[in-house]
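**Q** Task: produce atomic coordinates for the following.
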Amino acid sequence: MAANFWESSHAMNLFSHEDILSSNQKDQEAGLTLEEIFQIQAYHVHYISQLARVMKVRQRVVATAAVYFRRFYLRSSFEEHDPRLVAPACLFLAAKAEESAVQARHLEQAAKKCREEVEFLFNVRALLDMELVVLEASAFGLAVYHPYRALQSLLDDAELADSFQVCWGLVNDSYLSELCLTHPPHMVGVAAVYATGALQNKEKEMDCWVKTLNLDSKELNVVVAQVLAVYDRDSMIGTVECNRLLNQVHIGSSSRQYR
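**A** Residues are numbered from 1 along each chain as shown. Below you'll find the model as predicted:
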């Protein structure tokens, strides 16, 4: 991994909001709205975190898998590759990249435990094949940076040292949005700290703190708004609704319908 974020493959894989909106064209042509696509992706990022809890892997692995998953669907579609298989494949690859490798058969068991409907499509061979698809789509740019390492020092600097768990949760939930694709991790970390203070009615103190940082204030305001917008959306869709939407795009040309 490059010592400097801006020299890393991650920095070269940041995208504009317009890039995000123009992705998933095939799924939009199949009748899904942008909001439905967002909900399906957020659902599967949450699914990755559920698998990780069963597998007892670190949050950093979850975050890396979420980035892989979101990058993958910038260039692919649900019609071409079923996210119910892509999500665990991203977790499997991320565990290797973060030196926390898990066994494929254990992940297979965890997937079937978390989601009964994956029984039809999920086995070890399918997982390994999909891992290669994700790896090739990534062009082997597997190094991913996250806000976690600097979080406590940022909180100390902002005089919010006792709010670590709240801020950590905000960073975790930020992966339910596209922020990991559009903004560098240090900006997401600062935004999460600002939002933590704002939730405690300390906006003035946070404004003063931000002025001491060498950051684009307009960009920071956008990121803070997106961090908090995760909680303003309607509740995440459930498994039944997600499967209904995926059936709509004729997953992988299979006639199999999920309930």
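
**Q** Run through the strands of the stretch 151-259 of the chain in chain order.
**A** Along the stretch 151-259 of the chain, counting by DSSP state E, counting those that start in this stretch, no stretch forms strands.

**Q** shaky segments in it?
**A** Along the stretch 151-259 of the chain, the model assigns pLDDT under 70 to residues 233-234, 250-259.

**Q** again, only this time at 50
**A** The model of the stretch 151-259 of the chain has pLDDT under 50 over residues 252-255.

**Q** Show residues contacting stretch 21-31.
**A** 32, 34, 37, 73-75, 77-80, 248-250 (CB atoms under 8 Å, 6 or more residues apart in numbering). The way it works is simple: take the backbone N, C-alpha and C, and place the C-beta from them, glycine included.

**Q** cool, stretch 70-79 as well?
**A** Here stretch 70-79 has contacts from 13, 15, 19-20, 23-27, 30, 32, 37, 40-41, 45, 81, 83, 86, 90, 134, 137-138, 178, 180-181, 246, 249-253, using CB under 8 Å, 6+ apart.

**Q** just to revisit the earlier point, give me the subset of the contacts of stretch 21-31 that lies in helices.
**A** 34, 37, 73, 74, 75, 248 (DSSP state H).

**Q** Would you enumerate the residues in contact with the second one?
**A** If I follow you right, that is residue 37. Shown in contact with residue 37 (CB under 8 Å, 6+ apart): 24, 27, 28, 78.

**Q** Nearest to residue 199, out of the residues you listed: which one, please.
**A** Distance to residue 199, by CB to CB, is smallest for residue 24 among these, at 32.1 Å.

**Q** Could you tell me how many residues sit around the closest one?
**A** Residue 24 has 25 neighbouring residues, counting by other CB atoms under 10 Å.

**Q** do you know how far it is from residue 150?
**A** 32 Å (CB to CB, to the nearest Å).

**Q** centroid residue for the protein?
**A** Centroid-nearest residue in the chain: residue 66, 3.1 Å away (criterion: CA atoms, centre = their mean).

**Q** what's the closest non-adjacent residue to that one?
**A** Spatially, and ignoring its direct neighbours in sequence, residue 66 is nearest to residue 175 (4.1 Å; CB to CB, 6 or more residues apart in numbering).

**Q** pretty sure that neighbour is touching residue 65, no?
**A** No: counting by CB atoms under 8 Å, residue 175 stays clear of residue 65, with 9.1 Å between them.

**Q** With neighbour numbers in mind, choose between these two.
**A** Neighbours were counted for residue 175 and for residue 65 using other CB under 10 Å; residue 65 has more, 31 against 26.

**Q** Model confidence score at that one, please.
**A** Note on residue 65: pLDDT of 98.

**Q** How much space separates it from residue 211?
**A** In terms of CB to CB, residue 65 sits 36 Å off from residue 211.

**Q** and the nearest residue to residue 97 once chain neighbours are set aside, what does it touch?
**A** Using CB to CB, 6+ apart and skipping the chain neighbours, the partner closest in space to residue 97 is residue 142 (4.5 Å). Each residue near residue 142 by CB under 8 Å, 6+ apart is listed here: 9, 68, 93, 97, 135.

**Q** Having no further points to raise, I will conclude here.
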